[in-house]
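Student: got a predicted structure plus its sequence, pasted below:
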Amino acid sequence: MDKNGLLIVRAITLITPLIFLSFISFQIPFFQQVFLNHVLLFLNLFGIEFQVHGYQIITKNFSSIITFDCTGWKQFYIFCALIFLPPGIKLSRRLKGFLFLIPLYFYNLIRVVVTIYVSSISYSLFKPVHYFLWNFLFLSLIFVFWFWWYTKNKKV
């Protein structure tokens, strides 16, 4: 098998667990609760008034539920899979790549807080803000961080 074929097999091997975990609606309530607590902390820090009922956050004009998917676990999985995708990079360099998960986590927290805040002002802004911050910007950041890491660690 040529290099491209091996890379495709490697990519399929790395992404298959994510597909399976998504299919079985994988969740870790502890992580969801920790993420919710961090979101609530940031909402308080920014002076946003809210009430909490379980995983539901209620503001004056908006109600949202912090699901396990809100934690960004799928995006973090994809980032980790990308770190392990290219062959020929030492494990120590791959593990250092995981440090990018820290700013990605903080971005995700800010993303949720901003989405809740903007939606509390205007519910009609929820979908465009959520789409842009979640689907576009989060995935773009993952690619940019990975690409920077990859260019610094690939074989020369």
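Tutor: Cool, got the structure.
Student: all strands of the protein, in order?
Tutor: Under the criterion DSSP state E, the chain carries strands at the ranges 51-53, 56-58, 63-65.
Student: partners of the first one, with directions?
Tutor: In this case it means strand 51-53. Note on strand 51-53: by DSSP bridges, its sheet partners are strand 56-58 (antiparallel).
Student: residues near F145, how many?
Tutor: Residues near F145, counting by other CB atoms under 10 Å, number 20. Yep, even glycine has a C-beta here, placed from its N, CA and C like the rest.
Student: if I read this right, it contacts L101, doesn't it?
Tutor: No: counting by CB atoms under 8 Å, F145 does not reach L101; the two are 9.0 Å apart.
Student: between those two, which contacts overlap?
Tutor: F79 (CB atoms under 8 Å, 6 or more residues apart in numbering).
Student: ok, now how distant is the nearest residue to F31 once chain neighbours are set aside from S22?
Tutor: Nearest non-adjacent residue to F31, counting by CB to CB, 6 or more residues apart in numbering: T71, 5.6 Å away. Distance of T71 to S22, computed by CB to CB, to the nearest Å: 13 Å.
Student: and those two? which has more neighbours close in?
Tutor: Counting neighbours by other CB under 10 Å for T71 and for S22 shows that T71 has the greater number, 24 against 13.
Student: can you list phi and psi of the residue nearest the centre of the chain for me?
Tutor: Relative to the mean C-alpha position of the chain, the nearest C-alpha, by CA atoms, centre = their mean, is the one of G72, at 2.9 Å. Dihedral pair for G72: phi 80, psi 20, per degrees, to the nearest 10.
Student: contacting residues around it?
Tutor: By CB under 8 Å, 6+ apart, the residues touching G72 are L104, Y105, N108, F138.
Student: go on, I121?
Tutor: Contacts for I121 (CB under 8 Å, 6+ apart) come out as N61.
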